[in-house]
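# here is my input, please return the structure:
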Amino acid sequence: MADETDKIPVPAPSARPRPTRSVTGGLALLLSLVALIGVVYLWYLMSYKSDVVGIDVAHRLQTQGQRLARIDTELQALKQERQADQRLLRTVERREESLANRHQGGHHFEVRAAEDLLLIANDQLRFEHDVPLALLALHQAERTLRRQADPRLLPVRTAILQEILRLKAVRSTHTSTMALELVALAHSVQTLPLAVPRPLTRKPAQAPQRVAEPFWRRAVHGIWQDFTTLIRIHKIPIHEQALLAPKRAYFLRQNLALRLYAAQLALLEHHPAVMRADLAASAAWVTQYFDGHSRSVQTVLAHLHELQAKTAKLAWPDISHSLHLLRALARTGS
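Below you'll find the model as predicted:
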């Protein structure tokens, strides 16, 4: 029995079944969630992107339309400019034709040349103060008009001859020489000796002989004398002062040099009144602040007074009458 029982096979313990259903269900749920998210995202892209693409396309179309409108406007402006250039070109061609017709006989060309010569004469006299060159231009203009033998030009020729006589009567004053003299005076100011101020001295009063006085009276008299010497009143004449105090020698010399340079500028710009005022102020400063007994100071003052006298001769005659007559004649003749 024991052997039979030993031979009966004992069944082996069955293995625990694996949870295959739960894993499969979890994977399926995960996949379905992923698919759902993908579908939702795809729907979002399809709905939102279509709106964005539509807006972008509309904006681009609007921008292109504005660009086309701007290009059209520029094309219209270019067409207008081209038409204006064509009109100007035709006007220039017509003027060239008219000038060619006018200058066939050479009359108008000679009159225009005489007008240019008169303008040169006026400019040279007004700005350069060159009397010889102005006379030369007037003579040349008169010869040019004389060759025309036109009776209408007689008033212009008469005015030119009168202007030539007035220029010849003017005593030539070389402004360049005067300008150089002012520069030399401005440089010489740096070496002029200053006036030494005289100390205010007071002559000691002679004490009168006094008889023997009491002590208290002598004490009162001494106190009164000391009190009267504390305050001194002196009369000083009032003059035109420089920009800075006279004791500042450097600034005084610089101010005086600037005055002389201002007179030179007024001379070159043909302002005789301003020049005379600057020269008068410079002479007053030299007289007030520099040593009048010095030879150099006296020389500077003499030159300043001489320049003041020369400024009265800087008035130039008017030679523009002939130019106005010729221009009026040219306008009526055209």
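# can you list contacts of stretch 322-333?
Residues from elsewhere that reach stretch 322-333 (Cβ atoms under 8 Å, 6 or more residues apart in numbering): 108, 111-112, 114-115, 118-119, 122, 138, 141, 152-153, 155-156, 159-160, 163. The way it works is simple: take the backbone N, C-alpha and C, and place the C-beta from them, glycine included.
# kindly export it (C-alpha atoms) in PDB.
Extracted in PDB, the C-alpha atoms of stretch 322-333 (Å, rounded to 0.1, in the frame of the first residue of the first chain):
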ATOM      1  CA  SER A 322      22.300 155.600 -66.800                       C
ATOM      2  CA  LEU A 323      21.800 151.900 -65.900                       C
ATOM      3  CA  HIS A 324      18.100 152.500 -65.000                       C
ATOM      4  CA  LEU A 325      17.600 154.500 -68.200                       C
ATOM      5  CA  LEU A 326      19.100 151.700 -70.300                       C
ATOM      6  CA  ARG A 327      17.000 149.000 -68.600                       C
ATOM      7  CA  ALA A 328      13.800 151.000 -69.100                       C
ATOM      8  CA  LEU A 329      14.600 151.600 -72.700                       C
ATOM      9  CA  ALA A 330      15.300 147.900 -73.200                       C
ATOM     10  CA  ARG A 331      11.900 147.000 -71.600                       C
ATOM     11  CA  THR A 332      10.000 149.400 -73.800                       C
ATOM     12  CA  GLY A 333      11.900 148.300 -76.900                       C
END
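# ok, back up a step: out of the contacts of stretch 322-333, which are inside helices?
108, 111-112, 114-115, 118-119, 122, 138, 141, 155-156, 159-160, 163 (DSSP state H).
# lowest average confidence, helix or strand, in the chain?
helix 2-7 (a mean of 48; mean pLDDT, DSSP states H and E).
# what is the following helix or strand past that helix packed up against?
As assigned by DSSP states H and E, the chain's next helix or strand after helix 2-7 is helix 20-102. Here helix 20-102 touches no other helix or strand, going by 3 or more Cβ pairs under 8 Å, 6 or more residues apart in numbering; DSSP states H and E.
# rounded mean pLDDT for helix 20-102, please.
For helix 20-102, the mean per-residue pLDDT is 76.
# distance from the chain centre to that helix, please.
The chain centroid and the centroid of helix 20-102 are separated by 49 Å under Cα atoms, centre = their mean, to the nearest Å.
# give me the angle between it and helix 107-123.
Orientation check (axes from the mean of the first three to the mean of the last three Cα atoms, to 10 degrees): helix 20-102 against helix 107-123 gives 100 degrees.
# ok, and what's touching the host helix or strand of Arg143?
Using DSSP H and E, Arg143 maps to helix 131-146. With contact meaning Cβ under 8 Å, 6+ apart, helix 131-146 is reached by 110-111, 113-114, 117-118, 120-122, 124-125, 153, 156-157, 160-161, 163-164, 167-168, 170, 172, 319, 322.
# can you list the domains in the protein?
Segmentation of the chain into domains, based on automatic domain parsing, reads 35-102, 107-172, 174-193+242-314.
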